[in-house]
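J.: What would the 3D arrangement of this be:
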Amino acid sequence: MEIPVYLMTGFLESGKTSFILETLNDKQFSRGEKTLVIACEQGEVEFDERIIKASRSVVEYIEDEDDFNSENLNALVAKHKPSRIMLEYNGMWSLRDMAQKAPKEWIFYQIFMFVDYSRFDMYMNNMRQLLSDDIAVSDLIIFNRCEQGKVDKKRMRRIIKPLNPRIDMMFEYKDGSIEQGFQGEDEMPFDVKADPINIVHDDFGLWYVDMMSNAARYKDKNLRVRGMVFRASNIPKGYFVISRRAMTCCADDIQVVGILVKSPDEQKFRDGDWVEVTGKVIAEKQAAYKGVGPVILADSVLSTEKADSELVYFN
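T.: Numbering: from 1, shown residues only. Below you'll find the model as predicted:
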């Protein structure tokens, strides 16, 4: 039987336990269903027995990564027969490994990531790959311990969104107030009201982030964009990706980013060819997006000159 799982990840003392307790104490979340809380580490904040009991929850600990396996996890489910699971995952363990170890009956409804904002740069400098992997699969990243007037939200967007364009962000300040992430209101360096919207080479990075974050802003609009042809195994026939190589935060973080293009002429071009695409933005369900995402329905695909700079940036 499928079991809904809510996963919380982040380094020690990032706020995972407090969030779980607040959620279990919320009457909108707990309405009598039994919840199994699996904690993979113990921090300074302990689980309040009153909240655990009142919410019909039970806490089990798995503190050794080798013990986090499908046999032990299935045994806990058989023991407690929960309606749902809240998993407080150890931020030093790989989420990629976790996905392989978790029972196939587990359905991950939401993945929350918690980050101490004051330590974010340190994490990126010393544990970049681990942090980036977590960001890439999370639904929401919560930056806590923020100080009013000292949060560079635009910088966070430039770093986080290329790693996961669909992720939402929240900023929790020391006074307890919470601020939502971006809603797409930021001013773009190109005219989003033009017909067509013209994306020059230098603006590709910002356009990509905004397109993936706020696809509705571009739906049914015409645009013109230049980039490289790119294909992968999950790109169907009749499509290609108009792409650029992008630097997210440093020279070690270079990746290919791009938007799907649908064109009857796609076979005329090879991977790496530079093209100019003109067409209308539509929405389609595609494996490359793991759901619905923006697609450029091309009116024309023409060969064009290579950009002066090989890389694009997000600022």
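J.: so how far is residue 282 from the residue nearest to residue 313 when sequence neighbours are not counted?
T.: Using CB to CB, 6 or more residues apart in numbering and skipping residues adjacent in sequence, the residue nearest residue 313 is residue 205, 5.3 Å away. Where you see a C-beta, it was placed from the backbone N, CA and C, and this is true even at glycine. To residue 282, residue 205 is 22 Å away according to CB to CB, to the nearest Å.
J.: Those two: who's more crowded?
T.: Neighbour comparison, residue 205 and residue 282: the larger count goes to residue 205, with 22 against 15 (by other CB atoms under 10 Å).
J.: Verify the stated contact: the more buried one with residue 245.
T.: No: taking contacts as CB atoms under 8 Å, residue 205 lies outside contact range of residue 245: 10.2 Å.
J.: Residues in contact with both of those two, list them for me.
T.: Residues touching both residue 205 and residue 245 (CB atoms under 8 Å, 6 or more residues apart in numbering): residue 312.
J.: Which secondary structure state is assigned to the residue nearest to residue 313?
T.: Recorded secondary structure, residue 205: helix (DSSP: H, G, I helix; E, B strand; the rest coil).
J.: quick one: it from residue 190, how far?
T.: Applying CB to CB to residue 205 and residue 190 gives a distance of 12 Å.
J.: ditto for residue 273
T.: 24 Å.
J.: try residue 263
T.: 22 Å.
J.: Same check on residue 267?
T.: 30 Å.
J.: Who has more neighbours out of these two?
T.: residue 190 (17 against 10).
J.: wait, what's in contact with that one?
T.: Contact partners of residue 190, counting by CB under 8 Å, 6+ apart, are 197-200, 203, 207.
J.: domain ranges for the protein?
T.: 3-180, 197-312 (automatic domain parsing).
J.: And the first one, how far out from the chain middle?
T.: Yep, that's domain 3-180 we're talking about. 14 Å (CA atoms, centre = their mean, to the nearest Å).
J.: Endpoints of it, how far apart?
T.: Terminal residues of domain 3-180 are spaced 29 Å apart (CA to CA, to the nearest Å).
J.: any idea where the strands of the stretch 151-300 of the chain begin and end?
T.: Secondary structure of the stretch 151-300 of the chain (DSSP state E, counting those that start in this stretch): strands at 168-173, 178-180, 197-199, 222-230, 239-247, 254-262, 274-286, 291-303.
J.: Kindly reformat those as CSV containing distance to residue 58.
T.: Converted to CSV, these look like this (distance: least, CB to CB, whole Å):
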stretch, distance to residue 58
strand 168-173, 28
strand 178-180, 29
strand 197-199, 53
strand 222-230, 48
strand 239-247, 45
strand 254-262, 41
strand 274-286, 39
strand 291-303, 34
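J.: Which one, of the ones you listed, ends up nearest to residue 2?
T.: Among the strands of the stretch 151-300 of the chain, strand 291-303 comes nearest to residue 2, with 19.0 Å by CB to CB.
J.: any idea how far residue 199 is from residue 117?
T.: Using CB to CB, residue 117 is found at 32 Å from residue 199.
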